[in-house]
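S.K.: need the 3D shape of this:
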Amino acid sequence: MKTVATTKEQGSKNSVWKNIRSMKEFSVLVILLVLVVFISVLSPAFLTVTNLRTTAIGFSCNAIIAIAMTLALVSGGFDLSVGSVLGLSAVCVVVLTNNGWSIWMACIVGILVGIFCGSINGLLIGYLNLNAFITTLGMQQMARGIVYVLTNGGSIGLQDAPGVKAFRVIGSGSVGKFPLLFLVCLVFVVIGDILVRRSGVARNVFFVGSNEKTAMLSGINTRLVKTMVYVLTGALSGLAGVLTASRFGTATSSTGSGVEMTVISAAVIGGVSLTGGKGTVAGAVLGVVLMSVISNILVILNVSVHWQNFITGAILILAIIFDALSNRKKN
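M.R.: Residues are numbered from 1 along each chain as shown. So this is what the prediction gives:
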């Protein structure tokens, strides 16, 4: 009896370990740890408090956007406008504050700007059934155009006003040795991951992404689901813009440029499928962290910025190839 029980227990442990290894998040975590060990051997500067703090602050806003991008990809779409919406929200915060608005009211407007942009995307994609690529690309260009108009192609600094110092603490302050911006990001990521894994609303997003027609026949309002996904994407992009303004205390015409590609690449690396219906917030955020660590390693190794862009693009292509092969194997 003992032998049978021991065998069953061992089999159960092996099954659990097999499930853990099959998780995409586990693979990304292993790669991340290997990279950390590798660069730590080459350069002791990597594991310094200053570098780790800078890295954590650097990926925090992208991680927040990755929460919503996960849902967009899971629903079978994606959002190319997140970087420009982030930039527009940051510029709005700075411009309104410099023109006498309360900094906190300007922050609310910044988030509302993101929600507005996301709502337009959602209505066009969800209710008019327009192509997500074309729609969000158009929004990307419009938002970036407004950013250029407001900044006149340059940069605008946040002037000193009541509440501005407190606002700047969010982006540059610390709680102990942990950056406050990172802690804010961590709260959103944990809540987002729990909701995506357990809430009924998120389950509907997975159904829509897996098979929209079946989801519609089962009674799910697919149009509303898709619309709300893009509203959330806009809202979190707006929030990321507010936090970016807090971090830098300035807004430029290029604020947020390229964020969409970084976040989509990170999400795919973290196991979110481009064909929809599969992915987790934890995986996408781990992908963001991995991309940030790779970027940090390239800086430490004095790799040219141009080659950094090339490597980021190559990682995206490899992630897409891996995703396609995984789906083909599954089918």
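S.K.: buried set for stretch 215-226?
M.R.: Going by neighbour count (16 or more other Cβ atoms under 10 Å), the buried part of stretch 215-226 is Ala215, Ile220, Thr222, Arg223, Val225, Lys226. C-beta: built from backbone N, CA, C; applies to glycine.
S.K.: the first one contacts Val208, correct?
M.R.: Which is Ala215. Yes: at 4.7 Å, Ala215 and Val208 qualify as touching, with contact defined as Cβ atoms under 8 Å.
S.K.: what sits in contact with each of the two?
M.R.: Common neighbours of Ala215 and Val208, counting by Cβ atoms under 8 Å, 6 or more residues apart in numbering, are Thr222, Val225.
S.K.: so of the buried residues of stretch 215-226, which ones are in helices?
M.R.: The helices, defined by DSSP state H, take in Ala215, Thr222, Arg223, Val225, Lys226 from those.
S.K.: now the third one: how far from Leu286?
M.R.: When you say that, I think you mean Arg223. 32 Å (Cβ to Cβ, to the nearest Å).
S.K.: and the helices in the stretch 1-150 of the chain?
M.R.: 2-22, 24-42, 49-74, 82-98, 103-126, 132-151 (DSSP state H, counting those that start in this stretch).
S.K.: how about these, which one is nearest Ile191?
M.R.: Among the helices of the stretch 1-150 of the chain, the nearest to Ile191 by Cβ to Cβ is helix 49-74 (8.7 Å).
S.K.: give me the angle between the closest one and helix 82-98.
M.R.: 120 degrees (axes from the mean of the first three to the mean of the last three Cα atoms, to 10 degrees).
S.K.: from Gly58, how far off is Val34?
M.R.: Taken as Cβ to Cβ, the span from Val34 to Gly58 is 21 Å.
S.K.: who's more crowded, those two?
M.R.: Gly58 (18 against 10; other Cβ atoms under 10 Å).
S.K.: dump the residue contacts of the closest residue to that one other than its chain neighbours.
M.R.: If the residues on either side of it in the chain are set aside, Gly58 comes closest to Ser292, at 5.6 Å by Cβ to Cβ, 6 or more residues apart in numbering. Residues in contact with Ser292, defined by Cβ under 8 Å, 6+ apart, are Thr55, Gly58, Phe59, Asn62.
S.K.: what's around the last one, how many residues?
M.R.: The burial metric for Asn62, expressed as a neighbour count using other Cβ under 10 Å, is 25.
S.K.: next, the contact list for it, please.
M.R.: If a contact means Cβ under 8 Å, 6+ apart, then Asn62 has Ala240, Val259, Thr262, Val263, Ala266, Val288, Met291, Ser292 as its contacts.
S.K.: and Trp101, backbone torsions?
M.R.: phi -70, psi 150 (degrees, to the nearest 10).
S.K.: skipping adjacent residues, who's closest to it in space?
M.R.: Using Cβ to Cβ, 6+ apart, the nearest residue to Trp101 is Val109, at 7.6 Å.
S.K.: the one you found touches Ala90, doesn't it?
M.R.: No: counting by Cβ under 8 Å, Val109 stays clear of Ala90, with 11.7 Å between them.
S.K.: neighbour-wise, which of the two wins?
M.R.: Ala90 (31 against 20).
S.K.: who's in contact with Tyr127?
M.R.: Residues in contact with Tyr127, defined by Cβ under 8 Å, 6+ apart, are Arg223, Thr227.
S.K.: can you report how many residues neighbour Phe167?
M.R.: Neighbours of Phe167 (other Cβ under 10 Å): 20.
S.K.: before we move on, what about Leu88?
M.R.: Count around Leu88 with other Cβ under 10 Å applied: 30.
S.K.: now do stretch 275-285: distance to the chain's middle.
M.R.: Centroid displacement of stretch 275-285 relative to its chain, using Cα atoms, centre = their mean, to the nearest Å, is 11 Å.
S.K.: which residues are contacting that stretch?
M.R.: Contacts of stretch 275-285 (Cβ under 8 Å, 6+ apart): 24-25, 28, 63, 66-67, 69-70, 73-77, 189, 192-193, 196-197, 206-211, 263, 266-267, 270-273, 323, 327.
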